[in-house]
Structure formats: structure tokens, C-alpha cells
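A.B. asks: here is a sequence with its predicted model. Questions after.
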Amino acid sequence: MRIIVMGQQAFGKAALEAILGAGKDEVVAVYTAPDKEGRAVDPMKEAALEHELPLYQPANFKDQAVLEELRALKPDLMIMAYVIIFVPEAARNIPSRGSICFHPSFLPKHRGPSSINWPIIGGATKTGLTYFWPDDGLDEGDILLQKEIEVGPDDTLGSIYFQKIFPLGVEATLEAIELIRAGNPPHIPQDESQATYESWCKKKDSEIDWSRNSAEVYNLIRGTNPQPGAWTTLGGAEVQVFDSRRSEADGAPGEVVSVSNDGVLVAAKTGGVLIERVRPKGGQKVAAAQWASDAGLEKGTVLGA
């Protein structure tokens, strides 16, 4: 087939290179977002240039010139691997076999841009990934294929994405192509009764509330590690919390129960969390023991007060 690959960042690049490596189809063009001044070149663009593929970076897909450009490529399929620019129906329908889009959740759950953070924050034990036939709704459209992924009790945003969703998503890209090549690929309607939507997981969402139980606090920390980073305060100064683990603790919410080489043990409403790695505002990530020493943190200090 004649394929357009549209995407960004490391996942877009990996999906593109998997398609090229399979050697079954012709990548007739690569589409990625426009360059941003002062930022590094997107890995997707680098890959397209390295493989000497036609590269396009339109600001939108509504202009007639952009649509004519797409038509001239005579594509059979467009694969949208990590796309943040809206692609309207007029563009999606140009490929003879349609367009498919990757989303890192088990749709219809967790539609939206931070779909890996929120399941972890909510304490989910499972999430997944989906390739679907997008319509003009946000992460809506019939499902082509899905893969379920277990969320372990100590998984973080980083481990779920890089160790599970990323490699399985690249494999799913090739599987999706084969389903379409075979003819009569699945078009499974999403169950709207199960649909959820969450917006970006931002700084305001990642402040630690020590009056919650230790499970909720721990889920917030791991669901925002490494981005956007859970945070609390010490004497009014912000500090981001990254690596941590649940532990028994007896104290008032936010109270430092102990400081040791292992880290800083902080009490929640019930139980506690051992903080192992932090980043003070304006600083670098350091071991919590080092931070405690530098900040003069002692038992009995209350965080988040």
C-alpha cells in the first residue's frame, strides 16, 4: 500500500521505522508538526530526512492547498501516530482505505491528552492502547484493534509508557496495517456508556494532598512521574516528588515521621509514603536524603502546610 505516516516525537519515529523495516509498503510521505523556534528538531522529522522521504509540515489540514497536496500523493492509508493537530474529515477521507489513529488508552476510557497519567492516578489495575478510525470527535470513532495492559502496583507513568505502551504500540501499528491489507477490517463502535474524558494533567492537578490516604497519595506521585511531577511544599518552597514507595507511618498528615538514607517518610491520612527522589524548585533531581540534609529537614516538620 501507499502509506502516509503522520506523527511526532519518539513514538511517531518508531512507528515510521517499523513500517519501513517491514518492507511491505511504500511510505509516500511523512507529516509532522511545524518546527518551533528554539526547540530541537522533532525526531519524526529527523527520521524522514534520514530516510529521504517526502516531508510536509502544514500548520493545519483545512487549507485547500494542503488537501490537494494530500490527494496528489494518492495514498491508500494514513496512519496517525501521536498527532496533536486536528485532522478534519476532508483530509482523513483522502486515502482510499481511510485513516487510523493511535491512542494510548483502552478506548472509550480516558479520551484526552493525558490518557496514561489518569488511570494510574485513579488506581486502575489495567489500561491499554487503541488504533481507531477517527471522526471529528476527540478520540471518538470505531475501533480497529486494542491491546490491554496491566498496571502494576508500583508502575509509574514512565514505566507504563516506555516499557509497555510504546513497544506494544509499535507492534500494533504493523498489526493494524495487516488487518487493513487483508480487507474488511474491524469497525467496532465505541461504547459511549463507558466513555470517560480527562483534560491535560497539569501542575494544579499534581499537588499532593497529605490529608488523603497513602494509596491515593502514592498513585498521584507515580501517575505524574516523570511528568508533570507531583509536588508539595516545605516552608512555602515547592519541591517535586518523583520516586517513592508506600510505607507504614503514624503521624499527622504531611508530618515527616523519619529521615534516613532511604529517604523521607511522610505520613498521610492513613499510612505513609517514603519519598526517595525529589527536585527542589530551580534545582536538579536529587536523592531525598540529600535534599533533607541540604534543607535541614527534621522529624516533625510538616510538608504542604
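C.D. replies: Now that the structure is in, tell me what you want to look at.

A.B. asks: what domains does the record give for the chain?
C.D. replies: The chain breaks down by automatic domain parsing into domains covering 2-194, 203-295.

A.B. asks: nearest to Val302, out of those?
C.D. replies: domain 203-295 (4.7 Å; CB to CB). C-betas here are computed from N, CA, C, even on glycine.

A.B. asks: just the endpoints, please. Distance across the closest one?
C.D. replies: When the termini of domain 203-295 are compared using CA to CA, to the nearest Å, they are 23 Å apart.

A.B. asks: swap in stretch 247-261?
C.D. replies: Length of stretch 247-261, first residue to last, CA to CA: 15 Å.

A.B. asks: dump the domains of the chain to TSV, plus mean neighbour count, distance to Gly304 and mean pLDDT.
C.D. replies: Output for these, formatted as TSV (neighbours: other CB atoms under 10 Å; distance: least, CB to CB, whole Å; pLDDT from 0 to 100):
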stretch	mean neighbour count	distance to Gly304	mean pLDDT
domain 2-194	18	18	97
domain 203-295	19	5	97
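
A.B. asks: now do the contacts for the closest residue to Thr125 other than its chain neighbours.
C.D. replies: Excluding its sequence neighbours, the residue lying closest to Thr125 (CB to CB, 6 or more residues apart in numbering) is Val151, at 5.4 Å. Contact analysis of Val151 by CB atoms under 8 Å, 6 or more residues apart in numbering lists Pro119, Ile120, Ala124, Thr125, Lys126, Thr127, Ile160.

A.B. asks: which ones among those residues lie within strands?
C.D. replies: Per DSSP state E, strands hold the following members of the contacts of Val151: Lys126, Thr127.

A.B. asks: same list (the contacts of Val151) but as TSV, adding distance to Gly282.
C.D. replies: As requested, the contacts of Val151 are exported to TSV (distance: CB to CB, whole Å):
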residue	distance to Gly282
Pro119	31
Ile120	27
Ala124	34
Thr125	37
Lys126	38
Thr127	33
Ile160	29
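
A.B. asks: name the nearest of the contacts of Val151 relative to Leu67.
C.D. replies: The closest of the contacts of Val151 to Leu67 turns out to be Thr127 (CB to CB; 35.2 Å).

A.B. asks: measure stretch 204-220 end to end?
C.D. replies: Using CA to CA, the end-to-end distance of stretch 204-220 comes out at 12 Å.
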